[in-house]
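> sequence and predicted model, in that order:
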Amino acid sequence: MPVLENAHGLVVGISNYKNVTKLSPTVLRDSMEVYKTLIDPKACAYPPKNVTLLQDEKATGQALREALKKLAETTDGSSTVTIYLSSHGGRIDEGEYRGEYIAPVDAQYDPADPSKLAATGISGDEFTASLEAIPAAKVLVLLDCCHAGGIGEAKDLAPESGLVKGFSQEMYDRLGRGEGRAILASARPEEKSYILPGDDHSLFTKHLLAGLRGGVAGEDEFVRVFRLFEYVQPRVTGQHSSQHPRFKANLGDNFPVAFYKGGEEKQLAPQPAVAEEEFTYDLYISYTDKEPDASWVWDTFIPKLKADGFDPKRIAVAGEVREPGVTLLLEAERALKSSKRVVMAMSNQYFDDPRATFDFELAQDLQVRQENFRLLPVIFAPGIDENRIPDRIRMYTTSDLSKRTESRTQTLIDALKRPLPTR
């Protein structure tokens, strides 16, 4: 069977901490099974020599740093790297040592002396720097670091210590920066990662393993990163409504993270891709026809597009029914399917608009089936509540035009002019 020759991995699972609260033994089963799945020639087909497993006493701070350094030294621009981490993770919100920390097996924490965690943990900044040092252009980081027990009890580093469980959204944003980086976390920052009674694995890792072992849909011999999230997220949340896996990425393509069943070609007929010349419109603008959204679309964004050479006849705008007697949603569907790119003008009220939800659902369905990337989420004004942005939108890189407005708007317009990205 074929081997994904330039694929590399680091798998970490820590249950039996030396100085802080232990985690469930499930953590060790999770990490061991992820390791076995990555190197299984009938599954992901990573070369065993390229994958490092660190569990319990082997997962010291020094060992983790050396393993990350090894990835930086042994990979290149064409490598695929998968990092799986199941352990304690937390953050200090105030004071000199504020920030996020990954806890290796020898981590120490004293609420009266937070410098101990800073000295023995791996800070979010250090972990981010380690990822940035890896030259691979296809890096997936899987985080299962906010555990709860099977009966709902919290597993904190130190109960009632003041250490906040889990990582902040800011850390996920930092980890996901840099082209070719994708972060798939088991839960939102304020949530726990559950182990359901009777299961051998955590809820997140159970579905992750199922996806990597053949559950992920697709048309070729690879498991691709977007499809992996789209497989895992609804299954996790469907089994526990209080856990929502998060995805953060800066990707130019839907890169493969593993072989599908050891390189088995799937017997699914792919949807035909749409040729550039077949598009009726260059872009479709999805927005809410209320102020201030409408003013931004009609008085700011569309004039900029026209000034940059876009033909007004090739700009489709939500709600502009061009055929009398055709229902609004049907016309929107026709226009969206005929548009090369879809700009989502997001605001707090956008997510209360059923028509806007329809636009997003259809655009996402098209790009999943056709393996192209139509969606361009945009924040055009400050003050948006990012907690309202659905997880399925967060997985796409968002253009925040509320900051450095002119340069970022131009970057967006330049992206609209380029060919439609595909896998």
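Right, received. Where do you want to start?

> output the below-cut-off pLDDT ranges for the stretch 301-423 of the chain.
Along the stretch 301-423 of the chain, segments meeting pLDDT under 70 span 320-332, 364-373, 391-392, 394-395, 420-423.

> what does the chain give?
1, 146-179, 218-219, 251-252, 266-278, 320-332, 364-373, 391-392, 394-395, 420-423.

> leaving out chain neighbours, which residue sits closest to Gly215?
Among residues not flanking Gly215 along the chain, Tyr231 sits closest, at 5.7 Å (C-beta to C-beta, 6 or more residues apart in numbering). From N, CA and C alone the C-beta is placed, and that goes for glycine too.

> same question for Gly211.
Spatially, and ignoring its direct neighbours in sequence, Gly211 is nearest to Tyr231 (4.2 Å; C-beta to C-beta, 6+ apart).

> give me the number of residues near that neighbour?
Here the number of neighbours of Tyr231 (other C-beta atoms under 10 Å) works out to 20.

> quick check, it in contact with Val216.
Yes - between Tyr231 and Val216 a contact is recorded at 4.8 Å, counting by C-beta atoms under 8 Å.

> related to what we said a few turns ago, so who does the residue nearest to Gly215 touch?
By C-beta atoms under 8 Å, 6 or more residues apart in numbering, the contact list for Tyr231 reads His207, Ala210, Gly211, Gly215, Val216, Ala217.

> which SSE is it in?
Per DSSP states H and E: Tyr231 is located in helix 225-239.

> just the CA trace of the very next helix or strand once past that helix, in PDB.
Once the chain leaves helix 225-239, the next helix or strand it forms, by DSSP H and E, is strand 246-250. C-alpha atoms of strand 246-250 as PDB (Å, rounded to 0.1, in the frame of the first residue of the first chain):
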ATOM      1  CA  ARG A 246     -13.800  25.100  16.700                       C
ATOM      2  CA  PHE A 247     -11.900  25.500  13.500                       C
ATOM      3  CA  LYS A 248      -9.500  28.300  12.700                       C
ATOM      4  CA  ALA A 249      -7.500  28.400   9.500                       C
ATOM      5  CA  ASN A 250      -5.600  30.500   7.100                       C
END
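
> run the angle between strand 246-250 and helix 225-239 for me.
Between strand 246-250 and helix 225-239, the angle comes out at 170 degrees (axes from the mean of the first three to the mean of the last three C-alpha atoms, to 10 degrees).

> pairing partners for strand 246-250, with directions?
Here strand 246-250 is paired, per DSSP bridges, with strand 181-185 (antiparallel).

> list the contacts of the helix or strand following the strand it pairs with.
Next along the chain after strand 181-185, taking DSSP H and E as the criterion, comes helix 203-210. For helix 203-210, the external contacting residues (C-beta under 8 Å, 6+ apart) are 30, 33-34, 37, 86, 142, 144, 184, 186-187, 193-196, 199-201, 215, 228, 231-232, 235-236, 239-240, 243, 245.

> which of these are buried? Put it as a ChimeraX command.
Selecting only the buried entries of the contacts of helix 203-210 in ChimeraX, with 16 or more other C-beta atoms under 10 Å as the criterion:
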select :30,33,34,37,86,142,144,184,186,187,193,194,195,201,215,228,231,232,235,236,240,243,245
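
> for the stretch 251-400 of the chain, which segments are assigned as strands?
Counting by DSSP state E, counting those that start in this stretch, the stretch 251-400 of the chain has strands at residues 256-259, 281-286, 315-317, 339-346, 375-379, 399-400.

> JSON lines for the ones you listed, including distance to Tyr109 and mean neighbour count?
Below are the strands of the stretch 251-400 of the chain laid out as JSON lines (distance: least, C-beta to C-beta, whole Å; neighbours: other C-beta atoms under 10 Å):
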{"stretch": "strand 256-259", "distance to Tyr109": "33", "mean neighbour count": "26"}
{"stretch": "strand 281-286", "distance to Tyr109": "46", "mean neighbour count": "24"}
{"stretch": "strand 315-317", "distance to Tyr109": "54", "mean neighbour count": "20"}
{"stretch": "strand 339-346", "distance to Tyr109": "38", "mean neighbour count": "24"}
{"stretch": "strand 375-379", "distance to Tyr109": "36", "mean neighbour count": "21"}
{"stretch": "strand 399-400", "distance to Tyr109": "35", "mean neighbour count": "17"}
